[in-house]
Structure formats: structure tokens, C-alpha cells
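Visitor: below are the sequence and a predicted model; questions follow.
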Amino acid sequence: MFRYLAGFAGIVLAVLLFAPIEAQATPNLLLNPSFEILTPGGLTHSCGTGCSYSAEGNAYGNCCATDSTTIPDWTISAFTQAAGEYIPGGTALEPVPDGVAIAFTSGGSIYQTTTTNVVVGDTYTLSAWIANLGGGYNQFAMSAYTDYNGTNSGNVLFGAGTVVATSGIWTEVSGTYTATGNAGDPITVILFNTSGQGQVQFDDVCLTIGAGPCTAASDPPSGVPEPLTLSIFGAGLVGAAALRRRKAKRA
């Protein structure tokens, strides 16, 4: 009986060793893509039990300058009404697509300039989850620019958007672009509300070279086997070793 079990474990090991390898996730070129790195000092504004947020912009005394502190690794554009990070506990936005925190902007935009420069011939994919809180009928969007300077000037590469009419519904949008010019220009990702009113929520924003899938902020490091894979792999090794010892004794 033991011989058959050991043989079966060896077969499992062989299957694991020679099975097709799944495509590796593509690294996300954005920092703090799911907004889990929170505002220094924490989210100090309360919106109810389990609900808190940070904010900057016109409504919070800063009408005419950019802000690069409130959302780590992201910049809030000048003249934005309000923007920041948000843990929406107890609201219709739960569960959020990734982690516990999201970003929001009201009447303005947030952006991040990556350290990646355009390479002609490379294909870039931009995706994000977008939601509306409080109803209304607003169109929310994201774009990739080059030569962006914090205003609406710059060279638009590509973008994607959606109209969100139902409060609390998360919708994933994505766009793909193959570069034909702008070689060497840095890429800036902008998240904004194209209607100029209402509040938009963003989460799990991803910019990759290629089609992905994207490495999300909560994913394990690439190449780390899942626990089940490790246990089966270990069983295969034990079975193979036992079979070798049995054969050695017979000899």
C-alpha cells in the first residue's frame, strides 16, 4: 500500500514540475496604487463609526496650490474642491476592490508622474475601479499624459471612463495604448471627474507595460508558491524519497 502511495506522490511531483507555468503578473508602475499608505498623521476627519477621511482643497483652505502630502505618492491639483483618502466603513462603498482605503476627489483631480518613460512600440494598460457615493449622474475618468504640469495642459496619450449613476457600485474601467511617439517622455496618470461636480472614488489603479494581469498592492511577492502548492510539493518529495529507500533495502 505504501508503495502505491509513494508512487502517487511521485506522479503529483512530476505533474507540478512539468505543468505549464502561468503568466507572471506584470508589475504596477504606480506607487500607492490602492491608497493603503495613509496620510501622515492618519485620517483625522470622521464620517461615522468606522468611517474616516483626510482632505485638502478649496473647501479646506487651500484653493490655489497643489498638495503632495495628503495622498502619499499622489498630487492633488490646484483649485480642486476637495480630495484625499477615505476609509468608507459603514457606507455603500464597502467592500472596496482592494484593501480598506480608497481615494476621492470632488470637482478636481489627483495625479502621479511615474518614473517610467515612453518607449515607442511598448503597449501600456491603465485600469482603475471607480464609484459614486451619494447618487447623481456623473462621468468619471482617468487619463495618461506626457509633459503634464499639474494643469490640463500636456499631451494626452489615452484614457478611459464611465458614467456611474448608482451610488456605491464599483465599476472597473481600462484602456490600452501602443506608443508611436513621445519617446523618453515620463508618463503621468490623472484621476478626475469630467462633469466637474459631485464626488468620485478611486481604488486599485494600475499602469502596466503589456496587458497584465497587474500586480495588486495586496498580492504576495512574485514567485512565492501558495501554501497548498508547497504542501503537495513536499508530499511528493517525501514520497519519492521513501520509494528510493524501499528500493535500496530490497537491493
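Guide: Perfect, thanks for sending it.

Visitor: separation between residue 42 and residue 110?
Guide: From residue 42 across to residue 110, the span is 19 Å (CB to CB, to the nearest Å). (Glycine included, C-beta is placed from N, CA and C.)

Visitor: compare neighbour counts for those two and give me the winner.
Guide: residue 110 (27 against 9; other CB atoms under 10 Å).

Visitor: list the contacts of that one.
Guide: By CB atoms under 8 Å, 6 or more residues apart in numbering, the residues touching residue 110 are 71, 74, 75, 76, 77, 80, 83, 103, 190, 191, 192, 202.

Visitor: compare those residues and tell me which is most surrounded.
Guide: Neighbour tally across the contacts of residue 110 (other CB under 10 Å): the maximum, 31 neighbours, falls on residue 83.

Visitor: so it makes contact with residue 104?
Guide: Yes. Residue 83 is in contact with residue 104 according to CB atoms under 8 Å; the separation is 6.4 Å.

Visitor: my guess is residue 48 contacts residue 87, does it?
Guide: No. Here residue 48 lies out of contact with residue 87, judged by CB under 8 Å, at a distance of 10.7 Å.

Visitor: ok, those two, which is more surrounded?
Guide: Taking other CB under 10 Å, residue 48 and residue 87 do not tie; residue 87 has more neighbours (22 against 10).

Visitor: hey, C-alpha coordinates of the helix or strand containing the more buried one in PDB?
Guide: Under the criterion of DSSP states H and E, residue 87 resides in strand 82-88. Output of strand 82-88 as PDB, limited to C-alpha atoms (Å, rounded to 0.1, in the frame of the first residue of the first chain):
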ATOM      1  CA  ALA A  82     -11.700  68.500  -2.000                       C
ATOM      2  CA  ALA A  83      -9.600  65.400  -2.300                       C
ATOM      3  CA  GLY A  84      -8.000  62.900  -0.100                       C
ATOM      4  CA  GLU A  85      -8.100  59.300   1.300                       C
ATOM      5  CA  TYR A  86     -11.100  57.600   2.700                       C
ATOM      6  CA  ILE A  87     -11.900  54.500   4.800                       C
ATOM      7  CA  PRO A  88     -15.600  54.200   4.000                       C
END
